[in-house]
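Asker: I'll drop the sequence and a predicted model, then ask my questions.
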There are 2 protein chains.
Amino acid sequence: MVTIYDIAKKANCSAMTVSKVINNAGKISETTRQRIQQIMVEMNYVPNSNARSLVLQQTKLLSLLIADITNPFYTTLTRGAEDAAKRLGYQLLFSNSDESIMKEKEYIETVLSARVAGVMITPVGDPSITHLKLLEQYRIPFVLIDREVPGVNADAVLGDSKEGASKLTEHLLKLGHHRIAMINGHLETSTARYRLEGYKETLLLNGIQWDEQLIMEMGFNQANADEYMGKLLSLKQPPTAIFAANNLIALAAIRSLRLKGYRVPEDMSIVCFDDLEADYVLDPFLTVASQPAYDFGAIGIQTLIERIQGNREQTRHIILPSKLILRGSSAVRN
Amino acid sequence: MVTIYDIAKKANCSAMTVSKVINNAGKISETTRQRIQQIMVEMNYVPNSNARSLVLQQTKLLSLLIADITNPFYTTLTRGAEDAAKRLGYQLLFSNSDESIMKEKEYIETVLSARVAGVMITPVGDPSITHLKLLEQYRIPFVLIDREVPGVNADAVLGDSKEGASKLTEHLLKLGHHRIAMINGHLETSTARYRLEGYKETLLLNGIQWDEQLIMEMGFNQANADEYMGKLLSLKQPPTAIFAANNLIALAAIRSLRLKGYRVPEDMSIVCFDDLEADYVLDPFLTVASQPAYDFGAIGIQTLIERIQGNREQTRHIILPSKLILRGSSAVRN
DNA sequence: AATCGCAGGGTTATCGATAACCCCATTATA
DNA sequence: TATAATGGGGTTATCGATAACCCTGCGATT
C-alpha cells in the first residue's frame, strides 16, 4: 500500500507537502510539485479514501438503491443516474434491495457507515421509514425515487401514477371492457396506492362501481402470478381485461394466461405501467403507460446533488408524466 | 454522528469497552454488555466503516464491475453475485463501466481507494490490464468474469465461447447456409476472439474458407448496427445468415434488417450468444447459445471469497458451458 | 540597520475504531 | 498466608490524510 509517507520519503519532503500537492492547496514551488507528482505516478499512488473521509467527514460517493435490478425500468433509471453523477463529478455505486425490507436495511447501514455523500433510493415501501429516519438522523441527504413514503419529508422524483392509471383504465373502458381486473403491487408502496386510486376513480367517473374481487395485491416481484390469475379466471363473472401495475407483472400474467389456454388480446386485454425498452424487444406487444426511466435517474441525481451542496431549503417533489402507448395487448372486447 | 465515544460517555465506560462489545471480543461482564448494547440501539449507533477499515486494513465489501447494466445477461449475473455474497457474509456494491475503458479506470481507482476486500470485474478488454495490474500491486484480490485478459494471471469464470460459437455456426451450416456473416464485439475482448475462432474453425472443418468481408468488428454496445448491416447487404454475395456475438447485437441487427425490408428468418437467419431471459420476452425468437448468467455471478463471488480468505494458491479458470437453444430466428436457407 | 512580508515548507493534533498491553481487585491454589 | 490466576476493564499508539498553525530565510521597504 503506497501512502503519502512513502511518497514523502522518496521525494525527501514531509507528508504534508505531498498532501498539498494532491489537493492543490498551500504554497508549493513548481519544481517540487512536479517532482512529487512524478513520484506519485511512478509508485501508482492511490489515496486512501477511508483516511481521507475520516478527517474530512465527507466523500464524493453517491449511493443508489434500486428495488429490482432485473427490471429494465430500473436499469435504465440507473443509466440516467450514472450519467448525471459523472457529469457532476461524483462516483456512483448501486445496490439492489430486491423488494426486501431486510436487504434494504442492511444496505442503508452499509452506506451509513461508509458516510457517503448522498443516497438515492427506491424505497421498498412504507416500512422503509425506519431506515430513512436513520439517514435523516445521520444527516445524509437522500432522494426518494419512483416511490414516496408517508411521514418522510424528502426530495422525491415520482411518476404520475394516478394519472397514468386513469389513462390506462380509460383506454380499456373505451374498448368496451367493464370487468377490468387490477393486479397490483403491495399497497405498502405508494405507486401501488396511487395506481389503485386512479383505477377506482376512473371506473367511478364512468359509472362503474369497482369490484373488490377483481383487485389483487400481488407485489411487484411477480411471485404467484399463476395463483392470482387462477382466482380471477374462476370468478362467476371473470374480467375481460387486466390492468397490471407494472411490466413484469403483465408479462407474468400473460404467460399464465397462455398456459391456461387463453389468448391475449382476444380473450383478455392487458395493459400496464412501464415500457420494456425497445432494446430488449423486437415486437413490442404491451399497451403501456410509459415512464421516462432515464430522466428519473438523471433528475434524481441532480436533485440529490443540489441538496448535498445546500443550494435549496425546502424539499421538492418532481412529478414526471407518463405516456400512453397503444399496442397489441389490448383490443376491443369480444 | 454517533461514535463509540458518545456511547462510552453515556455508559460511563471507556471507548475500548464499547469496541469490545461491538466485536464480541475481550472480557466484558454480562451486565455491562447489555447496558452498552441497549444504549447503542437507543442512539442508533452505526459504526464508521472508514475508521474501522483504516485500522483493520480491510473491509467486508465486495465490488462488482459489469460492462453493461442494461444487458439482462449482466443483471442476471449480478443477481447471482448478490445472492452468493449475502450468503457468505459480504456486502456487494456494483458499478457499470458501459464498455468504456475510462470509466473502468475511474471505478478501479475508487474501489482501490476504498480498500475493498475484493473485486469481480468484466474487463472492457485487453487494455484493462493497466488497471488490473494496479489491483495486483495493491494486493486486492479480484476475479475476472466473462472475459479474460492476456498477461493477467487471475481467477476467472468464463463461458466456453469457442465451443458455443462452433455450435451456432454448425447449426447454420446444417441449415444450408454457407455465406455466414459474423458481427462481433471488439477483438480486444477475449470473448470476441474466441467466438471468432470457433466460427472460423467450424467453417474450415466444413470445407469453407471464411471471407473477411463477412466479418465485422462492431463492439458489444451495438453502435452503428445500421452501418454494418448496410455493408453486409451491399456485398456482391451477401450473407444468408448472421452470427451475432451477443444478444443485443442480434436484436440491433434484426431491427436494422427490418428497416431495410428484410425478413428474419426468411431472408436472413440470425443466431447469437446469450439468451434474453424468459422474464423479459413473451415469445422468444432468437436461436442462441445460452450461458448460465446467474451461475457466472454466484461462482465468481465464491471464487473471489475463497481467494480473499486465502484458501487457495494457484489461480483457477472455471469454464461454464453454453446451451444451444433453437428458435425462430434461424431457418433453412431459401 | 531594522523590520516586514511572503514563498516554501514543516509540526502536531485530529477523525473513529481497534490492537496490544497494562492494571487492579477478587478468587483459587499451594 | 502468600502467591498465582483470572475476570473486568482502562491506556496508548496506530491506521492515512488533512487542517491549523508554525518556522525559516531572503528580498523589499523604510
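Answerer: On my side now, so go ahead.

Asker: can we go C-alpha only for contacts and neighbour counts from here?
Answerer: Fine.

Asker: residue contacts, the residue of the stretch 151-300 of chain A found nearest DNA strand C?
Answerer: DNA strand C sits closest to A:Ala154 of the stretch 151-300 of chain A, with a gap of 24.6 Å, by Cα to the nearest atom of the strand. The contact partners of A:Ala154, taken as Cα atoms under 8 Å, 6 or more residues apart in numbering or on different chains, are A:Phe142, A:Val143, A:Leu144, A:Thr315, A:Arg316.

Asker: before we move on, could you check phi and psi at the third one?
Answerer: Spelled out, it's A:Leu144. Main-chain torsions, A:Leu144, degrees, to the nearest 10: phi -80, psi 140.

Asker: What is the burial count for it?
Answerer: 24 (other Cα atoms under 10 Å in any protein chain shown).

Asker: cool, A:Thr130 as well?
Answerer: A:Thr130: 11 neighbours (other Cα under 10 Å).

Asker: Relative to DNA strand D, which of the contacts of A:Ala154 is nearest.
Answerer: A:Phe142 (24.1 Å).

Asker: doesn't A:Thr122 make contact with that closest one?
Answerer: No. Between A:Phe142 and A:Thr122 no contact is recorded; they are 10.6 Å apart, counting by Cα atoms under 8 Å.

Asker: Tell me who's in contact with the residue of the stretch 51-200 of chain A at minimum distance from chain B.
Answerer: Here the stretch 51-200 of chain A gets closest to chain B at one residue, A:Ser113, 4.6 Å apart by Cα to the nearest Cα. Shown in contact with A:Ser113 (Cα under 8 Å, 6+ apart): B:Val46, B:Pro47, B:Asn48, B:Ser49, B:Asn50.

Asker: so of these, which ones are in helices?
Answerer: B:Ser49, B:Asn50 (DSSP state H).

Asker: is any part of the worst-scoring helix or strand of chain A on mean pLDDT close to chain B?
Answerer: Lowest by mean pLDDT, DSSP states H and E among the helices and strands of chain A is strand A:91-96, with a mean of 92. Yes. Using Cα under 8 Å from any Cα of the partner chain, strand A:91-96 reaches chain B at A:Gln91, A:Leu92, A:Leu93, A:Phe94, A:Ser95.

Asker: Helices along the stretch 201-334 of chain A, start to end?
Answerer: A:225-233, A:247-259, A:293-308 (DSSP state H, counting those that start in this stretch).

Asker: closest one to B:Leu282 among those helices?
Answerer: helix A:247-259 (6.8 Å; Cα to Cα).

Asker: Could you give the separation of that closest one from the chain centroid?
Answerer: 22 Å (Cα atoms, centre = their mean, to the nearest Å).

Asker: Kindly report the same for stretch A:50-64.
Answerer: With Cα atoms, centre = their mean, you get 23 Å for stretch A:50-64.

Asker: Equivalent analysis for stretch A:140-155, please.
Answerer: Worked out by Cα atoms, centre = their mean, stretch A:140-155 lies 12 Å from the chain centre.

Asker: buried residues in it?
Answerer: A:140-149, A:153-155 (16 or more other Cα atoms under 10 Å in any protein chain shown).

Asker: Please apply the same query to stretch A:19-33.
Answerer: Those buried within stretch A:19-33 under the rule 16+ other Cα under 10 Å are A:Ser19, A:Val21, A:Thr32, A:Arg33.

Asker: Looking at those, spot the one nearest B:Glu266.
Answerer: Among the buried residues of stretch A:19-33, and counting by Cα to Cα, the member closest to B:Glu266 is A:Val21, at 65.0 Å.

Asker: what's the span of stretch A:36-47 from first residue to last?
Answerer: In stretch A:36-47, first residue to last residue: 14 Å (Cα to Cα, to the nearest Å).

Asker: oh, I was asking about stretch A:59-74
Answerer: 25 Å.

Asker: Flag every buried residue along that stretch.
Answerer: Buried-residue list, stretch A:59-74, by 16+ other Cα under 10 Å: A:59, A:61-74.

Asker: what's in contact with stretch A:167-176?
Answerer: Residues contacting stretch A:167-176 (Cα under 8 Å, 6+ apart): A:178, A:180, A:199, A:202-203, A:241, A:243, A:269, A:271-272, A:288-289, A:324, A:330-333.

Asker: Same question for stretch A:60-74.
Answerer: A:75, A:78, A:85, A:89-99, A:104, A:107, A:111, A:116-124, A:248, A:274-277, A:293, B:70, B:72, B:75-76, B:79.

Asker: Next, the contact list for A:Ala223, please.
Answerer: Per Cα under 8 Å, 6+ apart, neighbours of A:Ala223: none.

Asker: May I see the buried residues of stretch A:213-225?
Answerer: For stretch A:213-225, by 16+ other Cα under 10 Å, it's A:Leu214, A:Ile215, A:Met216, A:Met218, A:Gly219, A:Phe220, A:Asn221, A:Gln222, A:Ala225.

Asker: what about A:Ala293, neighbour count?
Answerer: 25.

Asker: can you check the one 3 residues further on too?
Answerer: Burial measure for A:Phe296: 27 neighbouring residues, criterion other Cα under 10 Å.

Asker: Close to chain B: what parts of the stretch 101-250 of chain A are there?
Answerer: Close to chain B, as judged by Cα under 8 Å from any Cα, the stretch 101-250 of chain A has residues A:Glu109, A:Thr110, A:Leu112, A:Ser113, A:Ala114, A:Arg115, A:Leu134, A:Tyr138, A:Leu248.
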